[in-house]
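Undergrad: build me a model:
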Amino acid sequence: MTKKIAPALWAGLLAGLACSGVQAEEEGFWYGGSLALTSDYVFRGVTQTDEGPALQGSLDVGLANGVYAGVWASNVDFDAPDGIDLEVDIYVGWTLEFANETWLDLQLVRYLYPGANPGFGINYNEFIAAYGFRNYTATVAYTNDYLRSDESALYYNFGAEFPLGDTEYTLAAAAGFNDISNVTGSDYWDYQVGVSRSWDAITADLSYYDTSGFDEDVQDFLGPEKWADGRVVLTFSWEF
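TA: Sure, this is the predicted structure:
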């Protein structure tokens, strides 16, 4: 059964955002956030909610020099006696903007899974570097302790998005390579293609996700093959 984020958590996050507004204006930093409802939380090609829906949200603050920090949360369900039904990601980063619509984003993320039963803890850190040029983005992520396995892992992703002619729609596509061979002895690819449309602060996204190379070695560590099968995911998000 898919679980929801505790209402108390959302109340605390939103109250913190509301209280920071005046201070933000006076001291010159920015803040923002988002709320999203998705039919399936898919991370690097694999469902994190046992193919069920998720409620997600984030809060972010930053400075004019590109330094930022934030928190993101979602319900999860790994269909195991692990006691985990929530993911909270805490991150800090630095975005540098260059000429010709080029940018570099460096980010350190702490993935937290509170409530884990003894022996099921999977909290870990990851460093992510993303380089963007106009419509294209290349990303590399590294962790020295993937899901608390004591082994390192790398993730590579290349994506692009383009407006569909004179319409209000945007087409996006991406491919990622999950090098988790130090942990599983194998690796796999993930793919995404989708169409989105925005109405001011509201965005609707319809995407297809799939993987290849999700063999038995990977399944033993990340979950059954059905969790990485091709799927269509509908997401509505609101930025504030």
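
Undergrad: where along the protein do the helices fall?
TA: Secondary structure of the chain by DSSP state H: the helices cover 7-27, 181-184, 216-222.

Undergrad: mean pLDDT lowest where, among these?
TA: When those are compared on mean pLDDT, helix 7-27 scores lowest, with a mean of 40.

Undergrad: what's the burial count for residue 164?
TA: 11 (other CB atoms under 10 Å). Backbone N, C-alpha and C define where each C-beta goes, glycine included.

Undergrad: quick one, what contacts the nearest residue to it once chain neighbours are set aside?
TA: With CB to CB, 6 or more residues apart in numbering as the criterion, residue 164 has its nearest non-adjacent residue at 5.5 Å, and that residue is residue 171. Contacts here follow CB atoms under 8 Å, 6 or more residues apart in numbering; on that basis residue 171 touches 161-164, 193-195.

Undergrad: same thing but at 6 Å, please
TA: Listed by CB atoms under 6 Å, 6 or more residues apart in numbering, the contact set of residue 171 reads 162, 164, 195.

Undergrad: quick check: the residue most central in space within the chain vs residue 193, distance?
TA: What sits nearest the mean C-alpha location of the chain, by CA atoms, centre = their mean, is residue 43, with 6.5 Å. Here residue 43 is placed at a distance of 17 Å from residue 193 (CB to CB, to the nearest Å).

Undergrad: not counting its neighbours along the chain, what's nearest residue 33?
TA: In space, residue 33 comes closest to residue 59 once its chain neighbours are excluded; the distance is 4.4 Å by CB to CB, 6+ apart.

Undergrad: correction: residue 219
TA: Closest residue to residue 219 in three dimensions, ignoring its sequence neighbours and counting by CB to CB, 6+ apart: residue 225, at 5.6 Å.

Undergrad: so how many other residues sit close to the one you found?
TA: Counted with other CB under 10 Å, the neighbours of residue 225 add up to 13.

Undergrad: start to end distance for stretch 218-235?
TA: Separation of the first and last residues of stretch 218-235 by CA to CA, to the nearest Å is 27 Å.

Undergrad: kindly report the same for stretch 160-172.
TA: This stretch, stretch 160-172, spans 6 Å end to end (CA to CA).

Undergrad: chain center to it: distance?
TA: Stretch 160-172 has its average C-alpha position 22 Å from the chain's average C-alpha position, going by CA atoms, centre = their mean, to the nearest Å.
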